[in-house]
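J.: One predicted model, sequence on top.
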Amino acid sequence: MHKDSKICMFLALIWIATVYAESVIVTSTQSNERKLKSAVFRSPAFVLGPGQVQNKIYLGIDFPKGHIALKGFDAEVVDEGGNSIPLHETYLHHWLVETLYHKMPLTEEQTKAQTRRLHSSNYIVAGNDGICQDDTLSQIFGLGSETRHTSTFIPDPYGIVVGDPKQIPEGYVEDWMLNVHAIDTRGVVNSLGCTECRCNLYNVTKDEYGRPLRENYIGGLNCCYEGTQCQLKEGFQGEIRTLYLKYTVYWMNLDESIVPVRTYILDVTDTGQRSDGSSSGQSHVGCQVEYDVAPCSAGSPPSECIYTREAHMAIPQGGDVIYAVAHQHTGGLGSVLYGQMYDCCFLSP
């Protein structure tokens, strides 16, 4: 990563390892004598004016039902007419999809699009298979600005098995949650600074819960939360737009030919520590989600202005790596996933 300035960087790496020997369009195609299905859905609407931020949590989104094997999840931001929105106008910071269980029945109010975190006993976050601490990076799928050109398809005969009645707690039903974090950069004074969530451009001194920012926190998720506004050029006027996340889900009906996979999220900031149940020092436990990149020394040539961060971690259960993808923000030059005996994947922006 180039060290031109001190910015914040979010990096999550998704990889999948085997451990076992409102809908718009629905289609079905034949693949290896099995039917691959797909459906296109659209999130509830979110509204963005120039420089504005939306970080929505939608509960109970449209999603394929039943005991099935997921094969992929693609997404992009579109307008009311279904037209793709350019990334330089609406920066898709990230989107996340995860499984949760909720008590039956769920009221109409509970199913509405939420702008707060899930802090209710009505919900249990199902999460993935690790390896971050509980409820941190617990998504099944998730990407950001790279989403339009990144395949999430899981090759045959593998699939992410969901909807297993044996895994659903008694008195609960399985559902899906979608988080969409989008930043409108039309007319802003510093587009890169807005997408890096630099606090001075958002005039923010407290996080979304009203807590003062920690000392020397100059940018990151705590400064570009729901409802914040990035600084605009003087006199700029632009329309307020109604947008959606259009997402396509690929799946197959579950049968004996499907080889189930586990989903792991690897975070390069993972300290390797896990909570011992005490309340002290918890800010240094586990996956930190984002980190600062220190600036280069004055006069450093670009070829020497590169920062590398590395983390070592153990996967709790063995198997074969089937799919891996990295999520980086602007400035990232690439990521490498490797094992003890081999390099698996190099992923570039």
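T.: On my side now, so go ahead. None of these values were measured; they are calculated from a predicted model.
J.: Please make it C-alpha for all contacts and neighbour counts, starting now.
T.: Noted.
J.: Next up, the contacts around Asn222.
T.: Each residue near Asn222 by Cα atoms under 8 Å, 6 or more residues apart in numbering is listed here: 206-208, 213.
J.: again, only this time at 7 Å
T.: Under the criterion of Cα atoms under 7 Å, 6 or more residues apart in numbering, the neighbours of Asn222 are 207-208.
J.: Shouldn't it be within a helix?
T.: Yes - assessed with DSSP: H, G, I helix; E, B strand; the rest coil, Asn222 lies in a helix.
J.: Could you point out which residue ranges in the stretch 101-250 of the chain have low pLDDT?
T.: For the stretch 101-250 of the chain, the stretches with pLDDT under 70 are 105-121.
J.: All the helices of it, residue numbers only.
T.: Chain-ordered helices for the stretch 101-250 of the chain, with DSSP state H, counting those that start in this stretch as the definition, fall at 108-111, 191-195, 199-202.
J.: in the stretch 51-200 of the chain, which spans are strands?
T.: With DSSP state E, counting those that start in this stretch as the criterion, the stretch 51-200 of the chain has strands at 53-59, 68-79, 90-103, 113-114, 123-125, 141-143, 158-162, 172-184.
J.: Rebuild these as TSV, extending it with mean neighbour count and distance to Leu36.
T.: Converted to TSV, the strands of the stretch 51-200 of the chain look like this (neighbours: other Cα atoms under 10 Å; distance: least, Cα to Cα, whole Å):
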stretch	mean neighbour count	distance to Leu36
strand 53-59	22	26
strand 68-79	21	8
strand 90-103	21	20
strand 113-114	18	30
strand 123-125	18	28
strand 141-143	24	18
strand 158-162	21	11
strand 172-184	23	21
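J.: burial of Ile85, as a residue count?
T.: Residues lying near Ile85 (other Cα atoms under 10 Å) number 16.
J.: Setting the sequence-adjacent residues aside, check what's closest to it.
T.: Val78 (5.3 Å; Cα to Cα, 6 or more residues apart in numbering).
J.: residues contacting that neighbour?
T.: Each residue near Val78 by Cα under 7 Å, 6+ apart is listed here: 84-85, 243-246.
J.: switch the cut-off to 10 Å
T.: The contact partners of Val78, taken as Cα atoms under 10 Å, 6 or more residues apart in numbering, are 42, 84-86, 90, 242-247.
J.: got it, and Glu170?
T.: When the contact criterion is Cα under 10 Å, 6+ apart, the partners of Glu170 are 101, 103-104.
J.: Same check on Thr271?
T.: 132, 284-288, 311-313.
J.: Go again with 7 Å.
T.: Listed by Cα under 7 Å, 6+ apart, the contact partners of Thr271 are 285-287.
J.: Make CSV out of these and add secondary structure and distance to Gly72.
T.: Shown next, in CSV, are the contacts of Thr271 (DSSP: H, G, I helix; E, B strand; the rest coil; distance: Cα to Cα, whole Å):
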residue, secondary structure, distance to Gly72
Val285, coil, 31
Gly286, coil, 28
Cys287, coil, 25
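J.: Between those residues, which sits nearest Thr147?
T.: Closest approach to Thr147 among those (Cα to Cα): Cys287, at 22.5 Å.
J.: Find me the pLDDT at the closest one, would you?
T.: The model reports Cys287 with a pLDDT of 89.
J.: most surrounded residue in the contacts of Thr271?
T.: Of these, with other Cα under 10 Å as the count, Cys287 tops at 24 neighbours.
J.: From Gly127, how far off is the residue lying closest to that residue once chain neighbours are set aside?
T.: Excluding its sequence neighbours, the residue lying closest to Cys287 (Cα to Cα, 6+ apart) is Asp270, at 4.0 Å. Applying Cα to Cα, to the nearest Å, the value for Asp270 to Gly127 is 17 Å.
J.: These two: who's more crowded?
T.: Neighbour count, other Cα under 10 Å: between Asp270 and Gly127, Asp270 has more, with 22 against 19.
J.: I figured that one hits Val289, correct?
T.: No - the criterion here is Cα atoms under 7 Å, and Asp270 misses it with Val289 at 8.0 Å.
J.: Give the residue farthest from the middle of the chain.
T.: Distance to the chain centre peaks in the chain at Gly299, reaching 36.1 Å (criterion: Cα atoms, centre = their mean).
J.: which element is it on?
T.: In the assignment (DSSP states H and E), Gly299 maps to no helix and no strand.
J.: And it, how far from Thr330?
T.: Using Cα to Cα, we find Gly299 at a distance of 22 Å from Thr330.
J.: With Asp74 instead?
T.: Separation of Asp74 from Thr330 (Cα to Cα): 21 Å.
J.: Quickly list what the closest residue to Tyr91 other than its chain neighbours is bridged to.
T.: Distances taken as Cα to Cα, 6+ apart place Ile183 nearest to Tyr91, at 5.0 Å, with adjacent residues excluded. Counting by DSSP bridges, Ile183 forms beta bridges with Val53, Tyr91.
J.: OK, contacts around Ile183?
T.: By Cα under 7 Å, 6+ apart, the contact set of Ile183 is 51-54, 90-93, 195.
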